[in-house]
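Student: I'll drop the sequence and a predicted model, then ask my questions.
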Amino acid sequence: MVEPADDARRCGFVALIGAPNVGKSTLVNALVGAKISIVTPKVQTTRALIRGIAIEDRAQLIFVDTPGIFSPRRRLDRAMVGTAWASTQDADIVALLIDARKGVGVDDERVLRTLGDVRAPKALVLNKVDLANKPSLLALTQKLNERASFAATFMISALTGDGVADLKRWFAANVPAGPWLYPEDQISDAPLRQLAAEITREKLYLRLHQELPYQSTVETEVWKELRDGSVRIEQTIYVERESQRKIVLGKGGQAIKAIGAAARVDIAAAIEQPVHLFLHVKVREGWGDDPERYREIGLEFPQE
Ligand SMILES: Nc1nc2c(ncn2[C@@H]2O[C@H](COP(=O)(O)OP(=O)(O)OP(=O)(O)O)[C@@H](O)[C@H]2O)c(=O)[nH]1
Ligand SMILES: [Mg+2]
């Protein structure tokens, strides 16, 4: 490929914001063409800013996946929602995602109220059109365009990929001229140990269904390259109570075994190396109020 002359290049940050579960992480993965952000059927999956990088024509696009915006109660919620809004301040384009099947709910309303303060050009992205009926899409588009000023509206399915290429071209045409910020082949700025911890958290969420996911966090503690080209990874799953630790372990250690097996496969695929994964489960009461845990997640620690 002949690289475009420097003065023809464009580069910019595109923040994807919206209520929990609207498909922001699925879309970032689709735009980048690789899994860099975890996806689950549960709300509040993404906790910190995850940057995915893609090239489109002469533009380098840095997509910022953000935690869903909702009414925060706990300290961790406040940190997540705060970081989502902070992403809009550095963005060249802000894309608001709406679940096209569900329409405008209370969380979307909350986002719309604050969206007026966002200076960057905004795009409206109706996602999950594979689940929605066509007439309702037009009504939804009209309703939302009355609520905020959007430079463009897109109807997509992040899951099937429908409309994603068009959206990506529009982003590329609308980010500012400027040099690329990352090497051409880089698709994420997250360290591998963080990606590995996120993958394990995804498997934990997928395996355990009740309240538990929101009271757990995963950290990579050991990352040791072995001589045979494989990696030894040790991670700790922190929970808040002994009863939760028992749930994560499961009867005879079955749950943790299954979580570990699923995570190992995905981590190995992501880093393209064989992986030996060891999971520990520790009770850390009140980890949701421990500044060190926030640093590991990549969040500011809210004072209250
Ligand atoms: N049918 C359908 N499902 C989708 C689409 N996009 C995302 N999903 C599903 O919606 C669920 C939530 O997707 P995520 O990408 O985790 O949503 P999110 O907005 O990142 O959620 P939070 O991180 O919790 O804020 C998952 O089960 C996805 O598979 C889509 O276009 N169509
Ligand atoms: Mg997400």
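Tutor: Structure received. Ligands and ions are numbered 1, 2, ... in the order given.

Student: Residue 98 is in what secondary structure piece?
Tutor: Under the criterion DSSP states H and E, the helix or strand holding residue 98 is strand 93-99.

Student: partners of that strand in the sheet?
Tutor: Taking DSSP bridges as the criterion, strand 93-99 forms sheet pairs with strand 10-18 (parallel), strand 122-127 (parallel).

Student: Would you mind giving those as CSV with mean neighbour count added?
Tutor: For every residue, glycine as well, the C-beta is placed using N, CA and C. Converted to CSV, those look like this (neighbours: other CB atoms under 10 Å):
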stretch, mean neighbour count
strand 10-18, 24
strand 122-127, 24
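
Student: follow-up on the earlier one: may I have the strand holding residue 98 exported as PDB, CA atoms only?
Tutor: Presented in PDB, the C-alpha positions along strand 93-99 are these (Å, rounded to 0.1, in the frame of the first residue of the first chain):
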ATOM      1  CA  ILE A  93     -16.900  13.600  17.000                       C
ATOM      2  CA  VAL A  94     -19.400  12.200  19.500                       C
ATOM      3  CA  ALA A  95     -21.600   9.400  18.400                       C
ATOM      4  CA  LEU A  96     -24.800   8.800  20.400                       C
ATOM      5  CA  LEU A  97     -26.000   5.200  20.300                       C
ATOM      6  CA  ILE A  98     -29.600   4.300  20.800                       C
ATOM      7  CA  ASP A  99     -31.100   0.800  21.000                       C
END
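
Student: who's in contact with the helix or strand just after that strand?
Tutor: The C-terminal neighbour of strand 93-99 among helices and strands, as given by DSSP H and E, is helix 106-115. For helix 106-115, contacts defined as CB atoms under 8 Å, 6 or more residues apart in numbering pick out 17-20, 68-71, 85, 94, 96, 98, 104, 122, 144, 147-148.

Student: ok, back up a step: outside of the strand holding residue 98, which residues touch it?
Tutor: Residues from elsewhere that reach strand 93-99 (CB under 8 Å, 6+ apart): 12-19, 21-24, 27, 88, 104-105, 108, 111-112, 115, 118, 120-128, 140, 144, 148, 150, 167, 171, 174-175.

Student: can you do 6 Å?
Tutor: Strand 93-99 has contacts (CB atoms under 6 Å, 6 or more residues apart in numbering) with 14-18, 22, 24, 88, 108, 118, 120-128, 174.

Student: filter those down to the ones near ligand 1?
Tutor: 22, 24, 127, 128 (CB under 6 Å from any ligand atom).

Student: Which positions in the longest helix along the chain come out as buried?
Tutor: Selection of the longest helix in the chain by residue count, based on DSSP state H, yields helix 254-271. Within helix 254-271, the residues that qualify as buried by neighbour count (16 or more other CB atoms under 10 Å) are 255, 256, 259, 260, 262, 263, 264, 266, 267, 268, 270, 271.

Student: And it, how far out from the chain middle?
Tutor: Relative to its chain's centre, helix 254-271 lies at 19 Å (CA atoms, centre = their mean, to the nearest Å).

Student: Low-confidence ranges, the stretch 51-200 of the chain, go.
Tutor: By pLDDT under 70, the stretch 51-200 of the chain has no low-scoring segment.

Student: which bits of it sit near ligand 1?
Tutor: 67, 68, 127, 128, 130, 131, 157, 158, 159.

Student: Of those residues, which pair is most distant in space?
Tutor: 67 and 130 (24.2 Å; CB to CB).

Student: So for these two, which residue has more residues nearby?
Tutor: Neighbours were counted for residue 67 and for residue 130 using other CB atoms under 10 Å; residue 67 has more, 28 against 13.

Student: And what about the closest residue to that one other than its chain neighbours, helix, strand or coil?
Tutor: Spatial nearest neighbour of residue 67, chain neighbours left out: residue 80 (3.7 Å); criterion: CB to CB, 6 or more residues apart in numbering. Under DSSP: H, G, I helix; E, B strand; the rest coil, residue 80 falls in the helix class.

Student: Any idea how many residues pack against residue 80?
Tutor: So residue 80, with other CB under 10 Å, has 24 neighbours.

Student: Pretty sure it sits against residue 68.
Tutor: No: in this structure residue 80 lies outside contact range of residue 68 using CB atoms under 6 Å: 7.8 Å.

Student: can you count the residues close to the residue nearest to residue 215 when sequence neighbours are not counted?
Tutor: Once flanking residues are discounted, residue 215 sits nearest to residue 240: 4.8 Å by CB to CB, 6+ apart. A total of 18 residues lie near residue 240 under the criterion other CB under 10 Å.

Student: where does residue 240 sit relative to residue 74, distance-wise?
Tutor: 11 Å (CB to CB, to the nearest Å).
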